[in-house]
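J.: Starting from these lines, generate the structure:
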Amino acid sequence: MIMKKLHLFTFISFLLIPFYSLAANSSDFQVDAPKEIINNYISDIKTLSSPRIVDDYIIFTAAKESRFTGIAFDFENFTIIHPFYRSELHDDEGVFNNSILFYIAMIPPDIDKISYRLIIDGLWTIDPINPNRYFNPVMQVELSTITIPYKDDNYTKTTKPDKVHFVYRGTTGQKIRLGGSFTNWDSWIYQMNEVAPGVYELDIPLPAGTWYYNFYSGSLAMIDKNNPNRAYTTDGRTASVITVN
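T.: Numbers count the residues shown, from 1 in each chain. Coordinates of the predicted model:
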């Protein structure tokens, strides 16, 4: 069960902070990943590594030995501590052999760099497994950093209140179709147009609501790799999700 975010009663810039100074609350900007995103990525967390960017999320890892590890970000003015969670690791035969701490954060829109610090057992520190860091002269502390690569904005998204722009990226010369809950999973109604080598697009009107979809090539159903929002449908298939407001 994912813990709620933790706020500081009083924020003292990166001093030793006892655990009783933390209180459960919620933040204005939601950086916790949805449960389906965690389920998709948690199986890939095997070892300690520098922060990894996957789709629209950053995966942080930390050593298992601490009683508590949290993370605070510059875009929240370091006033919120988000707790790490523990993942159990198993060998090929399913036997438990280790564990690791992790946190998955959503990348805020329109940002190209993130600075952060960890709090490990009450002590503020840089991320020991991230070599990218700098000294902030205003705060008089060292911060860990992540550079966010430029991302093409041509992806599946709502373009109007009642229209969705679907985008599939693959190899050129394919016949890519679109199906979903809005076609009762009939994949032969909509065929996408190749607008550039390997880029297939289609605009269709959809009423307000949450819709599930996949791309199709022949009989193969494919999720939208550029859309991190995924879910299992009632019949057990994995599908991409788009919400029309």
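J.: Please, where are all the helices along this protein?
T.: Secondary structure of the chain, counting by DSSP state H: helices at 35-42.
J.: mind showing which ranges of it have poor pLDDT?
T.: Across the chain, the ranges flagged by pLDDT under 70 are 1-40, 89-97, 150-153.
J.: Kindly state the beta-bridge partners for the residue nearest to the spatial centre of the chain.
T.: Nearest residue to the geometric centre of the chain (C-alpha atoms, centre = their mean): Y57, 2.8 Å. On DSSP bridges, the residues paired with Y57 through beta bridges are V54, M106.
J.: Residue ranges of each domain in the protein, please.
T.: The chain breaks down by automatic domain parsing into domains covering 6-147, 157-244.
J.: if we can go back for a sec, surely the residue nearest to the centre of the chain meets F102?
T.: No - under the criterion of C-beta atoms under 8 Å, Y57 makes no contact with F102, lying 11.4 Å away. Heads up, the C-betas are built off the backbone N, CA and C, glycines and all.
J.: Quick check: the residue nearest to the centre of the chain vs Y200, distance?
T.: Here Y57 is placed at a distance of 25 Å from Y200 (C-beta to C-beta, to the nearest Å).
J.: Also N227?
T.: The gap separating N227 from Y200 is 14 Å, by C-beta to C-beta.
J.: Looking only at neighbour counts, state which of these two leads.
T.: Y200 (23 against 18; other C-beta atoms under 10 Å).
J.: wait, doesn't the more buried one sit right on M192?
T.: Yes - using C-beta under 8 Å as the test, Y200 is close enough to M192 to be in contact (3.9 Å).
J.: So for these two, which residues contact both of them?
T.: Shared contacts of Y200 and M192, defined by C-beta atoms under 8 Å, 6 or more residues apart in numbering, are found at Y168, I176, F215.
J.: Tell me how many other residues crowd the first one.
T.: As a burial measure, Y168 scores 25 neighbours (other C-beta under 10 Å).
J.: what bridges to it?
T.: As for beta bridges, Y168 partners with Y200 under DSSP bridges.
J.: Next one: it from N136, what distance?
T.: Y168 sits at a distance of 42 Å from N136 (criterion: C-beta to C-beta).
J.: What distance do you get for the closest residue in space to I119 that isn't next to it in sequence to I42?
T.: Using C-beta to C-beta, 6 or more residues apart in numbering and skipping residues adjacent in sequence, the residue nearest I119 is G70, 4.7 Å away. Between G70 and I42 the computed distance is 18 Å (C-beta to C-beta).
J.: between those two, who's got more neighbours?
T.: For G70 and I42, the more surrounded residue by other C-beta under 10 Å is G70, and the numbers stand at 23 against 14.
J.: Just to check, that one is in contact with I81?
T.: Yes - taking C-beta under 8 Å as the contact criterion, G70 and I81 are neighbours in contact, 3.9 Å apart.
J.: For stretch 158-174, give me every contacting residue.
T.: So stretch 158-174 is contacted by 154-157, 176, 178, 192, 194, 197-208, 211, 213, 215, 217, 222, 224-226, 242-245 (C-beta under 8 Å, 6+ apart).
J.: Show me just the buried residues among these.
T.: Judged by neighbour count, with 16 or more other C-beta atoms under 10 Å as the criterion, the buried members of the contacts of stretch 158-174 are 155-156, 176, 178, 192, 194, 199-202, 204, 206, 211, 213, 215, 217, 224, 226, 242, 244.
J.: Strands - which of those residues land there?
T.: 176, 178, 194, 199-202, 204, 211, 213, 215, 217, 242, 244 (DSSP state E).
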